[in-house]
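# Model the structure of this input:
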Amino acid sequence: MRPESWLTVAGLGTWIVSSLVTLAEIARGEMAWAQAGPWLLAFAAFGAAFSLIGLARRKTRAVSLVLLAAQGAAALTMVALARDTLCAALLVVVASQTPSYFRTAGAAAWTAAQTALLAIVIGRFYGPVATLAVSGAFGGFQLFALATALLADRERAARAELARTNAELQATRALVVEAGRASERLRISRDLHDTLGHHLTALSLQLDVASRLADGRAAEHIHQAHAIARLLLADVRDVVSQLRDSSAVDVGDAIRRLVPAGGTLAVHLDMPTSLGALENDRAEAIVRCVQEVMTNAIRHARAGNLWITIADGPDGVRVHARDDGQGAGVLAWGNGLRGMRERFEALAGRVDVETRAGGGFEIHGVLPRSRM
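As a prediction, this is how the structure comes out:
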């Protein structure tokens with residue numbers, strides 16, 4: 001079971017266990033319905049909000065914050081109606097979720113606000129000393145849960161960054177290896193053309209002259225030798241052409257090495273089995289584009305899914321990517337996006353970016369093929 005699943009189970013368990021005393025009182029009829037009814041609604045609201053925030057795959061940050069606030073409000077309502085501080089344990093569950101939506105200062109402020117509200121609620125039926133003791137204790141529990149969640153988030157981010165870096169290194173290595181092979185094939189093709197091809201051409205010309213000067217059986221053998229030389233020259237030209245055609249880089253392997261590095265990001269790649277051969281600079285531009293799109297979806301968009309489509313069209317290689325992240329109201333061209341655009345434009349291509357708040361991030365790129 002994944003750690004996130006264990007946390008969900010632990011949260012639901014806390015929700016049930018911390019409410020057992022009040023549930024038993026309601027079952028025995030010891031609580032008036034005027035209090036029991038609203039308490040049960042708050043109890044159900046907490047469970048629903050906690051389940052939705054953990055299980056819903058596609059949700060914006062605004063929706064997540066509403067669900068988080070609903071959990072906190074429900075927990076405080078349960079404490080106020082039942083006068084049972086055990087229900088305040090649910091605030092610890094809320095505090096443990098805040099690092100997913102706030103930076104450290106924001107999460108700490110949320111936890112402090114919950115603690116202050118808890119003190120106000122229990123101050124209605126406890127004395128000052130008991131209020132300070134209980135709210136202080138639960139404030140400490142919340143801070144502990146917050147610190148643990150922050151450490152877990154940082155460790156998870158570090159692991160994801162390490163996996164992403166390793167995948168990028170593997171992709172770069174694949175490009176370098178393939179580029180080295182392509183360069184070697186090109187060198188061999190040039191050597192064959194410039195040396196063996198030249199000598200065979202000279203030999204064919206000499207045999208042609210000799211066949212015109214010779215007669216008898218010697219002429220017949222010279223004609224055969226001339227035909228063999230022409231066939232050999234044609235074979236060399238075919239080999240040179242094949243080596244030149246295969247001297248480009250296939251980017252498919254490098255891109256497929258990147259995809260597993262998404263970690264918590266689900267990457268859906270739609271790409272032909274063989275994308276075809278590209279020059280090394282064009283292959284690198286496409287791989288770096290996919291790399292930047294994944295980095296943006298993980299670090300900035302906080303997306304859960306990323307869809308990448310790479311297709312070979314009449315106008316060149318098309319790259320389309322979109323995520324289900326938070327998007328942005330105003331597009332900011334950071335270093336990564338600028339670098340992507342500059343790579344494509346340097347090769348006569350283009351990159352278009354679309355985004356809107358809550359609507360994800362979308363990239364359209366076209367990279368024309370060069371005439372090799």
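# Can you name the next helix or strand after the strand or helix carrying residue 25?
Element membership for residue 25, per DSSP states H and E: helix 20-27. Downstream of helix 20-27, the first helix or strand assigned by DSSP H and E is helix 33-55.
# Give me the angle between that next one and helix 20-27.
140 degrees (axes from the mean of the first three to the mean of the last three C-alpha atoms, to 10 degrees).
# Helix 33-55 packs against which elements?
helix 3-17, helix 20-27, helix 61-82, helix 89-97 (3 or more C-beta pairs under 8 Å, 6 or more residues apart in numbering; DSSP states H and E). Quick note: C-beta positions are derived from backbone N, CA and C, even for glycine.
# Skip ahead from the worst-scoring helix or strand of the chain on mean pLDDT and say which helix or strand is next.
Every helix and strand of the chain was ranked by mean pLDDT, DSSP states H and E. The lowest is strand 249-250, at a mean of 60. Once the chain leaves strand 249-250, the next helix or strand it forms, by DSSP H and E, is helix 252-258.
# now the most far-flung residue of the chain relative to its centre: how far from residue 223?
Distance from the C-alpha centroid of the chain peaks at residue 216, with 77.4 Å (C-alpha atoms, centre = their mean). Remark: distance between residue 216 and residue 223 (C-beta to C-beta, to the nearest Å) = 12 Å.
# follow-up on the earlier one: tell me which of the helices and strands packed on helix 33-55 lies nearest to residue 255.
Between residue 255 and the helices and strands packed on helix 33-55, the shortest gap by C-beta to C-beta is with helix 3-17, which sits at 27.7 Å.
# same question for the closest one, mean pLDDT?
Taken as a whole, helix 3-17 carries a mean pLDDT of 82.
# Can you give me the buried ones in stretch 11-18?
Neighbour counts using 16 or more other C-beta atoms under 10 Å place 11, 14, 15, 18 of stretch 11-18 among the buried residues.
# how distant is it from the center of its chain?
From the chain centre to the centre of stretch 11-18 is a distance of 33 Å (C-alpha atoms, centre = their mean, to the nearest Å).
# Please write out the alpha-carbon positions of that stretch in CSV.
Provided in CSV are the C-alpha atoms of stretch 11-18 (Å, rounded to 0.1, in the frame of the first residue of the first chain):
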residue,chain,number,x,y,z
GLY,A,11,-7.2,9.9,9.0
LEU,A,12,-10.4,8.0,8.6
GLY,A,13,-9.5,5.9,11.7
THR,A,14,-8.9,9.0,13.7
TRP,A,15,-12.3,10.4,12.5
ILE,A,16,-14.1,7.3,13.8
VAL,A,17,-12.2,6.7,17.0
SER,A,18,-12.2,10.3,18.2
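# Appreciated, that's everything.
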